[in-house]
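[1] Below: sequence and its predicted model.
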Amino acid sequence: MSPDRIKRVLAEQPFEPFTVFTGDGSTVDVLSREFAFLKPGGRTLEVSVPRVKNATEERDFEEHKIDVFLITKLVSPPVRGRTNRSRRR
């Protein structure tokens, strides 16, 4: 997927949460634009996913680093009932 497409999705008003699917079958939910960051250069999307409800501490989140060019699709709203299955951290 192109970095420009990711930028557009993150900038949408109002923001709509979405699920990232990668070529290896991994999924990561992006629940808020504050939990996602497209690194300079646009090659890597970093996503923080809460491990627990009402997460407030850094340890309450798991971090995912995703190669943007390996993203196969974005689905909004997020796919519910699935766990995040990222193999890349």
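    Noted; the coordinates are in hand.
[2] Surely Asp29 is in contact with Phe21?
    No - the pair Asp29 / Phe21 is not scored as a contact, 10.8 Å apart, by C-beta atoms under 8 Å. Every C-beta, even on glycine, is put in place using the N, C-alpha and C of the backbone.
[3] out of those two, which sits in the busier spot?
    Each of Asp29 and Phe21 has its neighbours counted (other C-beta atoms under 10 Å); Asp29 has more, 22 against 18.
[4] residue contacts, that one?
    17-20, 49, 78-79, 84 (C-beta atoms under 8 Å, 6 or more residues apart in numbering).
[5] Distance check, it against Leu45.
    From Asp29 over to Leu45 the distance is 13 Å, taken as C-beta to C-beta, to the nearest Å.
[6] Using the centroid of this structure, identify the residue furthest from it.
    Centroid-distance maximum for the chain: Glu57 at 19.0 Å, with C-alpha atoms, centre = their mean.
[7] can you give me the helices for the chain?
    3-11 (DSSP state H).
[8] Find residues that contact each of Asp29 and Leu45.
    Common neighbours of Asp29 and Leu45 (C-beta under 8 Å, 6+ apart) are Val20.
[9] Against Val52, how distant is Leu38?
    Leu38 is 26 Å from Val52, by C-beta to C-beta.
[10] Correction: the previous question concerned Pro3.
    Pro3 is 31 Å from Val52, by C-beta to C-beta.
[11] Could you do Ser32 as well?
    Counting by C-beta to C-beta, the gap from Ser32 to Val52 is 15 Å.
[12] Tell me which residue lies nearest the centroid of the chain.
    Note: the chain centre (C-alpha atoms, centre = their mean) maps to Val30, 4.0 Å.
[13] hmm, back to that, and of the contacts of Asp29, the nearest to Ile66?
    Taking C-beta to C-beta as the measure, Ile66 sits nearest to Val20 out of those, at 6.2 Å.
[14] The closest one and Thr56, how far apart?
    In terms of C-beta to C-beta, Val20 sits 24 Å off from Thr56.
[15] Please say which of the two ends up with more neighbours.
    Each of Val20 and Thr56 has its neighbours counted (other C-beta under 10 Å); Val20 has more, 27 against 9.
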